[in-house]
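Undergrad: Return atomic coordinates for the entry below.
(2 chains)
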Amino acid sequence: MGLDAATITDGLTEYLSGRTGGEVAVSGVHKLSGGAIQENWALDVVVQQGDWAGEHHLVLRCDAASTVATSHSRADEFALLNAAHEAGVIVPTPCILCDDERVLGRRFFLMHWIGGVAAGHKLARLTDMPGLAGELGENLARIHSLKPPRDDLKFLGEPPDNASAAAIAMYRSYLDELDVAHPAIEWGLRWLEINAPDPCDVVLCHRDYRTGNYMVEDGHLSAVLDWEFAGWSDPLEDIGWLCAKCWRFGANDREAGGIGSREDFYAGYEIASGRTIDRDAVYYWEVMAHVRWAVIACQQAARHVSGEERSLELALTAHVVPELELEILNMTEPANA
Amino acid sequence: MREQPSGKDLLDIARDVLRDDLIPALPENKRYPALMIANAMAIVMRQIETGEEGGIEEQKTLGDLLGEDGSLNDLNIILANRIREGHADGVETWQALRGVAVGKVAESNPRYLIPRDESPS
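TA: Numbers count the residues shown, from 1 in each chain, chains lettered A, B, ... in the order given. Below is the predicted model of the structure:
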């Protein structure tokens, strides 16, 4: 059943009155755009007394009607937001998690509303953001300061002994679930297998840290969003994902996500982390980024083709696969070609 | 000859109306879906133009590479398996795959094939 503004207003008013012990008024509930997997609703809450007294601009985040098995639950995402917030990562401040499905028919959490622009095709056209690439680097370093083991992030599972081998095995298993074979993506995976780096200590990786998944206000980073794919991995995975050509939204000369220079991004990361980024090693993870996006695009296309979720956006995603395959091949050209 | 204009021509003129007359008049939040429709129409136009040739060409390329006969689907499965098992690491595999990929991109997004310094900005 779909959620609507009236259901949220009524359900939340009652729930928050119970949680805060004060008189609560919920208003201005409206659905925010984007989010195939989750829904985000903006709303205002006024609490008369107690710890929450005052006016709050919040976002309610819950599962959309269809969910993808590989993404985290709202409870897990809430734990990730909390951990990131404590580590100084710029995220919407998490407020409250509701595991009781009786309230709105699905689990949800509330976080602070953050202003700004997230759309990649808009950000890639803006010019006056000289500090943004460095801020993204600095902020990513803070995410990577979180290391296993952590009791609050147990749902992430055991850290892999070998992050690249684990990723290759996972993407192969995803391809095996599809009806059509994809030899060009297999070529990319084979190249990744042959050229795999030595295993390193894994850290918390966002695993979807790219333009489109963070907010920018007045030229500065205002929030990192979309934590549902986070996991333990090689820190270079996030760096390669942000810099990969497939996530530059056409602004190819701005190699850090279409918004700034690669060196500015690296510098922000290196100063905040105290570690030097191995420039050559990032290339491997940029190939991995194209392979991963190609596999996900094939999965999204299959959701439309199978009739599971008919959608023009998913249908068009199928037609991104050829250019990803071509990029994978161009990046992995044999020396004697 | 059957009725003119052709399906491709109809799509072409319909897309012009969508792009030139409708999209500029749409509110901001409806432009993206409309642009997606225009993109989908352009892909269909290019597929009509290529017809079955793209698939036939791909089948021949893969058949020659593998030294096997079979449907396009079967040949893709055989090649995918050989690559994964490490029995097709050679340059001839890469060349065949790249040829196929270029053909597919010509339908899905031909702008991607233009070298950057030649592409209109």
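Undergrad: interface residues of chain A facing chain B?
TA: Proximity of chain A to chain B (C-beta under 8 Å from any C-beta of the partner chain) is limited to residues A:33, A:172, A:175, A:180-184, A:186-187, A:189-190, A:194, A:252, A:312-313, A:315-316, A:319-323, A:325-326, A:329-330, A:332-334, A:336-337. (Each C-beta comes from the backbone N, C-alpha and C, glycine too.)
Undergrad: domains in the chain, as residue ranges please.
TA: As the question left the chain open, I've gone with chain A. The record's domain split for chain A, according to automatic domain parsing, is A:5-112, A:120-331.
Undergrad: My question was about chain B, not that one.
TA: The record, using automatic domain parsing to delimit domains, assigns chain B the ranges B:7-50, B:53-109.
Undergrad: what about the last one, near chain A?
TA: Yes - with C-beta under 8 Å from any C-beta as the measure, domain B:53-109 is seen reaching chain A through B:62, B:73, B:76-77, B:79-81, B:83-84, B:86, B:89-91, B:93-95, B:97-98, B:100-102, B:104-105, B:107-109.
Undergrad: I'd like to know which of those residues are buried.
TA: Buried residues within the residues of domain B:53-109 next to chain A, counting neighbours by 16 or more other C-beta atoms under 10 Å in any protein chain shown: B:62, B:76, B:79-80, B:83-84, B:93-95, B:97-98, B:100-102, B:104-105, B:107-109.
Undergrad: Now do the longest helix belonging to chain A, average pLDDT.
TA: When chain A is parsed with DSSP state H, its longest helix is helix A:279-305. Averaged over helix A:279-305, pLDDT sits at 96.
Undergrad: Check which helices and strands the helix or strand following it is in contact with.
TA: Where DSSP states H and E defines the elements, the next helix or strand beyond helix A:279-305 is helix A:312-317. Secondary structure elements in contact with helix A:312-317, counted by 3 or more C-beta pairs under 8 Å, 6 or more residues apart in numbering or on different chains; DSSP states H and E, are helix A:279-305, helix B:28-50.
Undergrad: Can you name the residues in contact with helix A:312-317?
TA: With contacts defined as C-beta atoms under 8 Å, 6 or more residues apart in numbering or on different chains, helix A:312-317 is touched by A:36, A:297, A:300-301, A:303-305, B:33, B:36-37, B:39-40, B:43.
Undergrad: who does the next helix-or-strand element following that helix touch, helix- and strand-wise?
TA: Per DSSP H and E, the first helix or strand lying C-terminal to helix A:312-317 is helix A:321-331. Judged by 3+ C-beta pairs under 8 Å, 6+ apart, helix A:321-331 is in contact with helix A:183-194, helix A:279-305, helix B:91-108.
Undergrad: want to throw the ones you listed into CSV with distance to B:Glu58?
TA: Converted to CSV, the helices and strands packed on helix A:321-331 look like this (distance: least, C-beta to C-beta, whole Å):
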stretch, distance to B:Glu58
helix A:183-194, 10
helix A:279-305, 17
helix B:91-108, 5
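Undergrad: out of these, deepest packed?
TA: Of all those, helix A:183-194 carries the top mean neighbour count, a mean of 23, counting by mean count of other C-beta atoms under 10 Å in any protein chain shown.
Undergrad: Tell me the pLDDT of A:Gly88.
TA: On pLDDT, A:Gly88 comes in at 97.
Undergrad: That one looks like it's in a strand, true?
TA: No - read with DSSP: H, G, I helix; E, B strand; the rest coil, A:Gly88 is coil and lies in no strand.
Undergrad: Excluding sequence neighbours, find me the nearest residue to B:Glu107.
TA: Spatial nearest neighbour of B:Glu107, chain neighbours left out: B:Arg46 (4.7 Å); criterion: C-beta to C-beta, 6 or more residues apart in numbering or on different chains.
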